[in-house]
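> sharing a model that was predicted from the sequence below.
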Amino acid sequence: MEGAWVQRILWAVAAVAVVVGLAAVVVGIVVPAVSEGPSRSPEECQPRDTRVTAPYAVTGYWVMPRADACVTRRMVEAVHQIGGDTLVTFGPRFAAGEADPGFAACVVDGRPCAEVPGKRVRHVYTYTTSEEFGPGLLRCQGLDRRVEAGGRVFYRVSLAGSCADPVQDLVLISTDGDGLGNLMAEAAAYGMKVFPGLPAAPQEPGKTWEPDHDHTAALTAFTGRVLADYRARYGGSAAFAGVYQSFELAMRDRAPKDPIIALYAAQHAIVAATLPGRTILVSPYIDARRGRGFLPEQTEAGLADLAGTRAGAPMAVAVQDGRGTGKVPVHGPHERDAKVEPRLVPVVGDVTNAQAYYGATRDYIEAAARRVPPGVELWVNIEGFEPTPADGECGRVDPLPLRGRTTKSRLDRQVMAAGTHARKIISYGWDPFFTCQADYGTPSLADDIAGGWQEPIVVSAVRKDLNGRAGVLVEGYNLRGGSLRFEPEGVTVGQGWYGRGRLESAWAPYVPTAPWTAITATNAAGATSTTPYVMP
């Protein structure tokens, strides 16, 4: 995904709240924060539509919490209608250093919130979020405060072991409303799950890809306070599935005393102790670029290192597939010596896949799946964007780097690359990539999914005998009925058997004769695969 940029995406970029078809959409490009007007309460919103009308293979999305309950309802409804059952948010940055000008309105008894009479304030941390907290967050009478000023709500929270300590570390929190609370309420109403983001660690100065461990003790203390508040307010909600680890890392063999693994271990121990039984979701990235990335074989050790931080809590590891950033291609094994896709040229140059990359997404997912540790589920996070925008295409312009909108057919290929190993497929991110439009007359990516959700996606194909007859067994989505077409033979064969498990299965009595066989499925609804699956 975007590493250190994701918190800026969440808190500095907003989509225009316009509903067209299934989704709230942005016209043209995403622009810096656009006002949605005065926040409304749930009573002011239109009734919910809880139908799932276009269930797609992707069932979870990263979303931005919104202070307006009606905007939240429309967003959750749009995700739900195309089969989404899981929502993930990024955690705001737990920032060390001087507060930005936005905290100037936080005043207690005529003094800035960062000043406490009779106390020496050693560190002041800031946290800009879209959620409100319960009274349990405020433990020290007179010291911990909730302040309403300038159209925002502020909190001052002490991290000291004792409220009477003469030296205090403070966290100043600023929020525009209870966006997370709105998201939890709507998710519960739609039967969906939410993974709120853990507070993101401060970054090492000059090395933003590493956490600043000078502040890890303060971070874990604050994390415990936030999670205790979640337990009190959301502990009884079926929507509260667990938490998402917002600090990013590569899923490769980590060095001893790796600083990010150390951060994970510290924060995840707090999660396991405060929210027993809740799942920790992490989404590490893979990088196949020659000279910059790593071999597929390293993902197995990387998964083991991640699992070692879970402190007994259930863990879901949603591997970023790397196609959106251009770090990993999604080609088939027959395309190793073909030129890279045009949208990848700005990242790796006009070369072949083999010259640019160590392998494709499927290679990395298969390597990770060889030995999934106990207590861990392997998910895949398909990146729902292009490395750079094309002319006339909507996408993201702030923060940099620029990103473009992709297509449903390319998402289908990413689902294919996830194979049979992913227990769940999720995607970064809903806004703006699934909701933006080049203009009012063109559909969003979510609209394209709604229109083409019945198109089959084959994720696996093997030769298999059935009742003494040779044939091919395929697995995937929307396979029921219809036929399978085999190229280059140019033969179409009707399904001889159909079954449904975690994935759908279909068998056809045919023996391929070519070194590579491309399989296209057509189902009973008349829908056809957007991309053939190639079987060796």
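Structure's in. What do you need?
> only C-alpha atoms from now on, for both contacts and neighbour counts.
Noted.
> check contacts around Arg120.
Shown in contact with Arg120 (C-alpha atoms under 8 Å, 6 or more residues apart in numbering): Pro166, Val167, Gln168.
> list phi and psi for it.
phi -100, psi 120 (degrees, to the nearest 10).
> can you check Ala232 too?
According to degrees, to the nearest 10, Ala232 has phi -70, psi -40.
> return the distance of it relative to Leu137.
10 Å (C-alpha to C-alpha, to the nearest Å).
> neighbour count for the two, which is higher?
Using other C-alpha atoms under 10 Å, the more surrounded residue of Ala232 and Leu137 is Leu137, with 21 against 13.
> contacting residues for that one?
By C-alpha under 8 Å, 6+ apart, the neighbours of Leu137 are Val157, Arg225, Val226, Asp229.
> and if you look at Thr59?
Counting by C-alpha under 8 Å, 6+ apart, Thr59 touches Gly83, Gly84, Asp85, Thr86, Lys424, Ile425, Ile426.
> pLDDT-wise, which helix or strand of this protein ranks last?
strand 18-20 (a mean of 30; mean pLDDT, DSSP states H and E).
> let me see the ranges of the strands in the stretch 1-150 of the chain.
18-20, 23-27, 29-30, 60-62, 86-88, 95-96, 107-108, 111-112, 120-129, 145-149 (DSSP state E, counting those that start in this stretch).
> can you tell which of these is closest to Leu183?
For the strands of the stretch 1-150 of the chain, the distance to Leu183 is smallest for strand 86-88, at 8.6 Å, taking C-alpha to C-alpha.
> so which elements touch the closest one?
Using 3 or more C-alpha pairs under 8 Å, 6 or more residues apart in numbering; DSSP states H and E as the contact test, the elements touching strand 86-88 are strand 60-62, strand 193-195.
> show me what contacts the closest residue to Leu138 other than its chain neighbours?
In space, and not counting its chain neighbours, Leu138 is closest to Asp144: 5.1 Å by C-alpha to C-alpha, 6 or more residues apart in numbering. By C-alpha under 8 Å, 6+ apart, Asp144 lies in contact with Leu138, Tyr155, Arg156, Val157, Ser158.
> can you flag the buried ones in these?
Leu138, Tyr155, Arg156, Val157, Ser158 (16 or more other C-alpha atoms under 10 Å).
> among the residues you listed, which lie within strands?
In this view, those that belong to strands under DSSP state E are Tyr155, Arg156, Val157, Ser158.
> of these, closest to Pro346?
Of these, the one sitting nearest to Pro346 (C-alpha to C-alpha) turns out to be Tyr155, at 44.7 Å.
> report pLDDT for Lys439.
Not Lys; residue 439 is Asp. The model reports Asp439 with a pLDDT of 89.
> hey, where'd the helices end up in the stretch 401-536 of the chain?
For the stretch 401-536 of the chain, the helices defined by DSSP state H, counting those that start in this stretch occupy 408-418, 445-452.
> buried stuff in the last one?
Going by neighbour count (16+ other C-alpha under 10 Å), the buried part of helix 445-452 is Leu445, Ala446, Asp447, Ile449, Ala450, Gly452.
> most neighbours, which of the contacts of Arg120?
The residue in these with the most neighbours, by other C-alpha under 10 Å, is Gln168 (22 neighbours).
> contacts for the strand or helix carrying it, please.
Assigned by DSSP states H and E, Gln168 falls within strand 167-175. Contact partners of strand 167-175, identified using C-alpha under 8 Å, 6+ apart, comprise 103, 113-114, 119-132, 152-160, 218.
> please apply the same query to stretch 103-112.
For stretch 103-112, using C-alpha under 8 Å, 6+ apart, the contacting residues are Cys113, Arg145, Val147, Glu148, Ala149, Gly150, Phe154, Leu172, Ser174.
> ok, 7 Å please
With contacts defined as C-alpha atoms under 7 Å, 6 or more residues apart in numbering, stretch 103-112 is touched by Cys113, Val147, Ala149, Gly150, Phe154.
> before we move on, back to that, just put the strands of the stretch 1-150 of the chain in TSV and tack on distance to Leu344.
What follows is the strands of the stretch 1-150 of the chain, written out as TSV (distance: least, C-alpha to C-alpha, whole Å):
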stretch	distance to Leu344
strand 18-20	31
strand 23-27	25
strand 29-30	21
strand 60-62	24
strand 86-88	27
strand 95-96	34
strand 107-108	50
strand 111-112	50
strand 120-129	34
strand 145-149	48
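> coming back round to it: would you check which pair of the buried ones among the contacts of Asp144 lies furthest apart?
So, the buried ones among the contacts of Asp144 by C-alpha to C-alpha: farthest apart are Tyr155 and Ser158, at 9.9 Å.
> pull up the overlap in contacts between the two.
Overlap of the contact sets of Tyr155 and Ser158 (by C-alpha under 7 Å, 6+ apart) is empty.
> check the secondary structure at Gly181 for me.
The three-state label given to Gly181 by DSSP: H, G, I helix; E, B strand; the rest coil is helix.
> mind listing what it touches?
Taking C-alpha under 7 Å, 6+ apart, one finds Glu131 in contact with Gly181.
> redo that, cut-off 10 Å
For Gly181, the contacting residues are Pro65, Arg66, Ala67, Ala69, Ser130, Glu131, Glu132, Phe133, Ala187, Tyr230, Arg233, Tyr234, by C-alpha atoms under 10 Å, 6 or more residues apart in numbering.
> between those residues, which is nearest Arg370?
Using C-alpha to C-alpha, the contacts of Gly181 come closest to Arg370 at Ala187, 33.8 Å.
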